[in-house]
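> Sequence and computational prediction follow.
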Amino acid sequence: MSLIVQKYGGTSVGSVERIKAVAAKVVARHQAGDKIVVAVSAMSGETNRLIDLAKAIHEQPNLREMDVLVSTGEQVTIALLCMALEAEGVSARSYTGGQVRILTDNAHGKARIKEIDGHRIHADLNAGRVVVVAGFQGIDDDGNITTLGRGGSDTTAVALAAALKADECQIYTDVDGVYTTDPRVVAKARRLDKITFEEMLEMASQGSKILQIRSVEFAGKYNVPLRVMSSFQDGPGTLISLEDNDQMEEPIVSGIAFNRDEAKLTIRGIPDQPGVAYKVLGAISEANIEIDVIVQNVAKDDSATITFTVHRNDLPKASELLNQIAEDLGALEVSSDDRIVKVSIVGVGMRSHAGVAAKMFQALAAEGINIQLITTSEIKITVVIEERYLELAVRSLHSAFGLEE
Ligand code: ADP
Ligand code: ASP
Ligand code: MG
């Protein structure tokens, strides 16, 4: 007998028919003798609908109230799924995040899970029930409802699996696994049988929205075997696990990620002195704006230029701050560009191979794509390019690194 945590995303529970289909899958596994805990998302489109309602009432809604609102989507699906399970003759119980004490910090809209009390869930499982938990939500020390950030149901599932010491965490979605890149952008993308936690974390961090970043961090930290599979068709999916040292021939590049959500800011003609980078970037961070890629150059005349990227939603605020800083520092110019994208190649095999960057730059050059910024880590190389070249860049890199089917 195994304990399995299954998570079904928005499309997988997007209609009454889909919820019934999910119930049938859960019942099959339950009847085979396994203990099943299910985490579900809101029906597809529902979270966006709720956010739009709030924005129609207030430009910047109160974050606590926002969490009260957006957490309702998941409460609908847990109840409907339990009804569908009962209709199949299987005893089931639904719980909100607060009811099973998914304890988080109080950062509304991006809360982090601190602890889960598994007692109630274990008691239900031992009584032969299926347990259905609302994804994406928790409760803080003061009993306020919190949410975990977009795509947060993945993290609920992995955290449940870690807390309950589950044998596997299965993420059911609308694709049949993790692909070499988003199959919606590159038709020739290939499903991976397995990928390491480290690579999956880079893919997610660099923009692959198949799994929320935090869920992969959790899975790696607590060594939860994680599998991404389709709720629409049977198949092995993709196993995300620790690095396999026996693998003779590791591919150099395992996947390509991209991110369309960033914008670039540049401040030119600032003094090349200690403390200047801190003055510029410190002020941005203090405003709670996350900075991603950073590049600094010094010109012949000893003046410095700093370029960095932020989330597109933060661009107006970051621009305003940067203009103030520019005035203080007597900078020559501030400019910004939100028509950029970030494209990254990811692979643990890169560690032991030289010339990967050169090959990437050559492939982009062959398509006449100009590289604006470059950053690297041990297992990834990221470039920032003009947005209109995104698909061309991803496709040509996909083929240059032999990732096609
Ligand atoms: P869910 O609602 O089930 O959580 P998501 O929309 O969050 O589903 O994630 C699934 C989507 O992730 C797919 O439809 C696919 O377009 C996208 N995606 C992005 N990168 C990848 C990748 N490397 N492999 C597979 N799917 C990817
Ligand atoms: N419903 C939430 C969202 O749309 C959480 C999730 O689906 O994982 O982001
Ligand atoms: Mg998702």
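Noted; the coordinates are in hand. Ligands and ions are numbered 1, 2, ... in the order given.
> burial of residue 195, as a residue count?
25 (other Cβ atoms under 10 Å). The C-beta positions use only the backbone N, C-alpha and C, and glycine is treated the same way.
> for residue 306, same thing?
Counted with other Cβ under 10 Å, the neighbours of residue 306 add up to 20.
> Also residue 351?
11.
> Could you pull out the helices in the stretch 51-200 of the chain for me?
63-70, 72-87, 119-126, 153-164, 197-205 (DSSP state H, counting those that start in this stretch).
> Save these as JSON lines, and put in mean pLDDT and distance to ligand 1 too.
Below are the helices of the stretch 51-200 of the chain laid out as JSON lines (pLDDT from 0 to 100; distance: least, Cβ to the nearest ligand atom, whole Å):
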{"stretch": "helix 63-70", "mean pLDDT": "98", "distance to ligand 1": "15"}
{"stretch": "helix 72-87", "mean pLDDT": "98", "distance to ligand 1": "12"}
{"stretch": "helix 119-126", "mean pLDDT": "97", "distance to ligand 1": "22"}
{"stretch": "helix 153-164", "mean pLDDT": "98", "distance to ligand 1": "7"}
{"stretch": "helix 197-205", "mean pLDDT": "95", "distance to ligand 1": "6"}
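> From what I see, residue 168 and residue 7 are in contact.
No: Residue 168 lies out of contact with residue 7 (Cβ atoms under 8 Å); the separation is 11.4 Å.
> The two: who's more crowded?
The neighbour comparison of residue 168 against residue 7 (other Cβ under 10 Å) goes to residue 7, with 30 against 16.
> show me what contacts the more buried one?
Contact partners of residue 7, counting by Cβ atoms under 8 Å, 6 or more residues apart in numbering, are 38-41, 135, 153-154, 156-157, 169-172.
> For the residues you listed, pick the one with the most neighbours.
Neighbour max across these (other Cβ under 10 Å) = residue 157, 34 neighbours.
> Name the nearest residue to it, sequence neighbours excluded.
Excluding the flanking residues, the one nearest residue 157 by Cβ to Cβ, 6 or more residues apart in numbering is residue 7, at 3.5 Å.
> what pairs with that neighbour across the strands?
For residue 7, the beta-bridge partners are residue 39, residue 171 (DSSP bridges).
> Is any residue of stretch 124-143 near ligand 3?
No: interface with ligand 3: stretch 124-143 contributes nothing (Cβ under 5 Å from the ion), its closest point being 9.3 Å away.
> Buried residues in that stretch, which are they?
124-125, 129-140 (16 or more other Cβ atoms under 10 Å).
> Nearest spatial neighbour of residue 303, chain-adjacent residues omitted?
residue 269 is the one closest to residue 303 (Cβ to Cβ, 6+ apart), at 4.8 Å.
> Now the most centrally placed residue in the chain: closest residue in space, sequence neighbours ignored.
In the chain, the residue lying closest to the centroid (Cα atoms, centre = their mean) is residue 212, at 2.7 Å. Leaving aside its sequence neighbours, residue 212 sits nearest to residue 151 (Cβ to Cβ, 6+ apart; 3.9 Å).
> okay, now the one you found: neighbour count?
Residue 151 has 21 nearby residues by other Cβ under 10 Å.
> which residues touch it?
209, 211, 212.
> please redo it, this time with the cut-off set to 10 Å
Listed by Cβ atoms under 10 Å, 6 or more residues apart in numbering, the contact partners of residue 151 are 9-10, 41, 47, 135-136, 204, 209-215.
> same deal with residue 195?
With Cβ under 10 Å, 6+ apart, residue 195 has these contacts: 177-178, 180, 201, 203, 216, 226, 228, 238-241, 254-255, 346-348.
> still on that earlier bit, what's the overlap in contacts for residue 168 and residue 7?
161, 226.
> ok, and the closest non-adjacent residue to residue 181?
residue 256 (4.1 Å).
> part of a helix, is that neighbour?
No: Residue 256 sits outside any helix when classified using DSSP: H, G, I helix; E, B strand; the rest coil, being strand.
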